[in-house]
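Predicted coordinates and the sequence they were generated for:
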Amino acid sequence: MPIPWRSSADAFAKTLGRHGMEADAVRDVTAAWAAFGEFLQIDVDGIEPPQDDGDGFIAEWGRWSWNDDQPALSFRRRLAVTGAGELGDPDCQPEYWAVELLLVFAEDPAWADLDSLGHQNTGFDFTAIGAARTAALGDARRFMASYPQLVAMWRAEPLRSELNLEQVA
């Protein structure tokens, strides 16, 4: 049964809970990734169809000013919410919202050169829910595992975490 898009962060938090974690106290990146994969299989109501890129995911890493330039890893599900403009407007565009789990890490020599990586994300994937999405998630994980810095980060314990639902561009 689909969940309303506005409840998507709550659904992810519940999924994290089933994996033994609180959204603001994630300490195991592998378990968080498993929960993210499970969350990505939940149908969401009120979004554009798959052929219109209504539901996608991305993993991102780096240092960002909004977390004091600390090393971070982010798992994000982007939703294109329908009906955001005037009803009946043929030029109506969806609003984009993201459910993001942000994991922030302490400095470590193993990822000191995190900024030197050529790619800062996996790229968005809009594969439909089901076996194909599971395969796409596996591809994203293998891509991240090709970077020694991310492998080291994956094995580390985050200092803090946060889960948000926010409107994005």
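In hand now; what should we look at? Residues are numbered from 1 along each chain as shown.

In terms of secondary structure, what does the longest helix seen in the chain contact?
If you go by DSSP state H, the chain has its longest helix at helix 131-144. Helices and strands touching helix 131-144, by 3 or more C-beta pairs under 8 Å, 6 or more residues apart in numbering; DSSP states H and E, are helix 29-39, strand 55-63. (Each C-beta comes from the backbone N, C-alpha and C, glycine too.)

residues in contact with the last one?
It stands for strand 55-63. 36, 40, 44, 47-48, 69-80, 114-115, 117, 120-126, 129, 137, 140, 144, 150, 153 (C-beta atoms under 8 Å, 6 or more residues apart in numbering).

which among those end up buried?
Among the contacts of strand 55-63, those classed as buried by 16 or more other C-beta atoms under 10 Å are 36, 40, 44, 47-48, 71-80, 114, 121-122, 125-126, 137, 140, 144, 150, 153.

How about the contacts made by S161?
Applying C-beta under 8 Å, 6+ apart to S161 gives the contacts 23-26, 32, 101-104.

repeat that with 10 Å
16, 21-27, 29, 32, 72-73, 101-104 (C-beta atoms under 10 Å, 6 or more residues apart in numbering).

that older thread, from the contacts of strand 55-63, which land in strands?
44, 71-80 (DSSP state E).
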